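Engineer: Next input, structure requested:
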Amino acid sequence: MYKLLATFCSLLFIMSGFAQNGSLSGRVIDKKTGDPAIGAIIKLENTSLGAAADLDGKYTIKNIPAGDYTISVSIMSYDKISEPVTITAGKNTEWNGILVSSVVAKKEVVITRKRKQESLTALTVIQKNSLVVADGISSDIIKKSPDKNTGDVIKRVSGASLQDGKFAIVRGLADRYNNAMLNSTLLSSTEADRKAFSFDLVPSFAIDNLMIYKTASADMSGDFAGGIIQITTKDIPEEKSNVLSISANYNGLTTFKRFESQQGDMKNIFGLTNGNRNLIDNFPVDNKFNKLTNTEKYEWTKKMPNTFASDIMTAFPGASLQYANSWNVKKEKYALGFIFSVNYSNSFRTSPSTRASFNAIAEQEYAADENIYRHNVGLGGIWNIGLKFGKNSKLSLLNLFNNSAESQVIDRIASDKTTNDKISQVIQQFTKNTLQSHQLSGEHCIGPKCYRLKYQAGVNILQRNCQTCEELSTRMI
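Structural biologist: Residues are numbered from 1 along each chain as shown. Purely as a prediction, here's the structure:
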């Protein structure tokens, strides 16, 4: 009983002691900009009580005995503040500080550092300082994702999606309403019959950051309604590196299962043209073939090699390989940097599907079950070199190459509901897209006031080759 009473009296004594204490809180900001003074030290002089301002410039000091104090605020490059403050028992006292930047006349110190464009922080700064509505993704995030090309990267940006796995749709507007830019240079269309750029051509490992500008401004091209997709490739490295990355993937519908491929397709391991799909010499092309008689057409077709039968094989696991090397040389009068990277991928995919058609009274006329076998090969690389010299001068040469090839076989079993006939169809298609980009840019500082002179010249070469895009065989079964 006595122990319980003693404990109760002790608690009352402690609570009465805390009741005699107060607290102090507030916010510390920069007078000129209004930004929070992150990390400012707030102290009550002649005591051990104090706190540091957080990311919002706010602070709190608790359990302060009631009385009069002198509060001081200090942080590097600002004048120190010292003001009286009174703490009231049982209450919180609010005190806000406004810091004034201190200017000290010293010998000029110039610190030069290149801003890293690939970090998430740098991307946030770009968006914050942009005068237009913009969104994007940085290399830091791309490295953590399985994305292989720019098309996959675009899907991660808010308000953007893809059509056919390569054409960008921004704010619901189709590809013809959007522009594509590579290192501030407009890219031409990759399609012969419409304005559209195939974003699966640019490998993801070459991207420094990707920005999508959704509103217009005077310094950008005005022929868009959806957005401008700006791709910035990797610049000259700040440090030496040597990286080798190898990965493999397994597809439950395809890997180690039956797979149909075009003849000679597996020998074309780099996705480049190997000549087995070319027309024979002197074959009449364009309208010349249409002007021939049926007998003449038949004679020409007999001269064509019969390579239309599919090869039956077992699909291997998909694989990709990437090698990157970078180095730099820094001297007193110049700095030289170099980056080289090569990327290779090889994948197989089987997609089962069904087709059907109906007449005007909703009666089914045609039905088909098909398997689509796709073999994709990608080969790409970048080679960039930069030179810094003089006071503030820089030259950069950027080179990008990427080749993407898709070999496709469609094995279809169709049923004509009107005649009850069964039809077997085999369709083959080979498509190859190649992108080459070469850009030379410079930046110089002219005069004592350092007027900036920037220039850029470049050439982009885009090629699309669809060598076999036709139905190859149809037979009744």
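Engineer: quick one: buried residues of the host helix or strand of residue 436?
Structural biologist: Applying DSSP states H and E as the criterion places residue 436 in strand 421-446. Going by neighbour count (16 or more other Cβ atoms under 10 Å), the buried part of strand 421-446 is 423, 425-430, 432-435, 437, 439, 441, 444. Yep, even glycine has a C-beta here, placed from its N, CA and C like the rest.
Engineer: repeat for stretch 386-403
Structural biologist: Buried, per 16+ other Cβ under 10 Å, within stretch 386-403: 386, 387, 388, 394, 396, 398, 399, 400, 401, 402, 403.
Engineer: The last one reaches residue 376, doesn't it?
Structural biologist: So the one you mean is residue 403. No: counting by Cβ atoms under 8 Å, residue 403 does not reach residue 376; the two are 11.4 Å apart.
Engineer: Are we agreed that residue 137 is in a strand?
Structural biologist: Yes: judged by DSSP: H, G, I helix; E, B strand; the rest coil, residue 137 forms part of a strand.
Engineer: Relative to the whole chain's centre, how far out is the host helix or strand of residue 356?
Structural biologist: If you go by DSSP H and E, residue 356 is part of strand 334-358. Centre-to-centre, strand 334-358 and its host chain are 15 Å apart (Cα atoms, centre = their mean, to the nearest Å).
Engineer: Parallel or antiparallel, which strands does it pair with?
Structural biologist: strand 318-330 (antiparallel), strand 364-389 (antiparallel) (DSSP bridges).
Engineer: Can you give me the end-to-end span of stretch 410-424?
Structural biologist: End-to-end span of stretch 410-424 (Cα to Cα, to the nearest Å): 11 Å.
Engineer: repeat for stretch 294-311
Structural biologist: End to end - Cα to Cα - stretch 294-311 spans 31 Å.
Engineer: Now find how far off-centre it is within its chain.
Structural biologist: With Cα atoms, centre = their mean, you get 45 Å for stretch 294-311.
Engineer: Just the buried residues of that stretch, please?
Structural biologist: Applying 16+ other Cβ under 10 Å to stretch 294-311 flags residue 310 as buried.
Engineer: now stretch 162-175
Structural biologist: Using 16+ other Cβ under 10 Å as the test for burial, stretch 162-175 gives 162, 166, 167, 168, 169, 170, 174, 175.
Engineer: neighbouring contacts of that stretch?
Structural biologist: Stretch 162-175 has contacts (Cβ atoms under 8 Å, 6 or more residues apart in numbering) with 151, 154-155, 159-161, 177-178, 180, 194-200, 212, 214, 225-227, 229.
Engineer: Of those residues, grab the buried ones for PyMOL.
Structural biologist: Buried members of the contacts of stretch 162-175, defined by 16+ other Cβ under 10 Å, are picked up in PyMOL with:
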select buried, resi 151+154+160+177+178+180+195+196+197+198+199+200+212+214+226+227+229
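Engineer: Show me the contacts of stretch 162-175 that map onto strands.
Structural biologist: 160, 161, 178, 180, 212, 227, 229 (DSSP state E).
Engineer: OK, contacts around the closest residue in space to residue 454 that isn't next to it in sequence?
Structural biologist: Leaving out its chain neighbours, the residue that sits closest to residue 454 by Cβ to Cβ, 6 or more residues apart in numbering is residue 443, at 5.1 Å. Each residue near residue 443 by Cβ under 8 Å, 6+ apart is listed here: 392, 393, 394, 452, 453, 454.
Engineer: pLDDT check: weakest of these?
Structural biologist: Among the contacts of residue 443, residue 392 carries the lowest pLDDT, at 76.
Engineer: Please name the bridge partners of the residue nearest to that one when sequence neighbours are not counted.
Structural biologist: Distance criterion Cβ to Cβ, 6+ apart; nearest residue to residue 392, sequence neighbours excluded, is residue 445 at 3.4 Å. Beta bridges link residue 445 to residue 452 when assigned by DSSP bridges.
Engineer: And residue 445, how far from residue 439?
Structural biologist: 21 Å (Cβ to Cβ, to the nearest Å).
Engineer: Could you tell me how far stretch 373-386 lies from the centre of the chain?
Structural biologist: 16 Å.
Engineer: Report the buried residues of that stretch.
Structural biologist: For stretch 373-386, by 16+ other Cβ under 10 Å, it's 373, 374, 375, 376, 377, 378, 379, 380, 381, 382, 384, 386.
Engineer: Using CSV, write out every CA atom in it.
Structural biologist: Extracted C-alpha coordinates of stretch 373-386, given in CSV (Å, rounded to 0.1, in the frame of the first residue of the first chain):
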residue,chain,number,x,y,z
TYR,A,373,5.5,-17.4,-84.4
ARG,A,374,7.8,-14.3,-84.0
HIS,A,375,11.6,-14.4,-84.0
ASN,A,376,13.1,-11.0,-83.0
VAL,A,377,16.7,-10.0,-83.3
GLY,A,378,18.2,-6.7,-82.2
LEU,A,379,21.7,-5.3,-82.7
GLY,A,380,22.6,-1.7,-81.6
GLY,A,381,25.4,0.4,-80.3
ILE,A,382,26.5,3.9,-79.5
TRP,A,383,29.9,5.6,-79.9
ASN,A,384,30.3,9.0,-78.4
ILE,A,385,33.4,11.1,-78.0
GLY,A,386,33.8,14.6,-76.5
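Engineer: Confirm for me that residue 384 is in contact with residue 438.
Structural biologist: No: between residue 384 and residue 438 there is no contact under Cβ under 8 Å: 10.7 Å.
Engineer: which residues do those two both contact?
Structural biologist: Joint contacts of residue 384 and residue 438 (Cβ under 8 Å, 6+ apart) are 397, 398, 399.
Engineer: which SSE is the second one in?
Structural biologist: It refers to residue 398. With DSSP H and E as the test, residue 398 turns up in strand 393-416.
Engineer: Adjacent strands (with direction) for that strand?
Structural biologist: Assessed with DSSP bridges, strand 393-416 is paired to strand 364-389 (antiparallel), strand 421-446 (antiparallel).
Engineer: so where's the stretch 201-350 of the chain uncertain?
Structural biologist: 235-238, 273-277 (pLDDT under 70).
Engineer: Do a quick rundown of the helices in it.
Structural biologist: Along the stretch 201-350 of the chain, the segments classed as helices by DSSP state H, counting those that start in this stretch run 287-290, 294-303.
Engineer: mind putting the ones you listed in CSV, distance to residue 325 included?
Structural biologist: Listed next are those as CSV, based on distance: least, Cβ to Cβ, whole Å:
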stretch, distance to residue 325
helix 287-290, 49
helix 294-303, 49
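Engineer: Quick one: residues contacting residue 341.
Structural biologist: 205, 206, 234, 322, 323, 324, 325, 381, 382.
Engineer: Kindly reformat those residues as TSV containing distance to residue 37.
Structural biologist: Listed next are those as TSV, based on distance: Cβ to Cβ, whole Å:
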residue	distance to residue 37
205	41
206	40
234	36
322	44
323	47
324	41
325	44
381	48
382	43
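Engineer: And those residues, which is closest to residue 187?
Structural biologist: If you rank these by distance to residue 187 using Cβ to Cβ, residue 206 comes first, at 14.1 Å.
Engineer: That'll do, ta.
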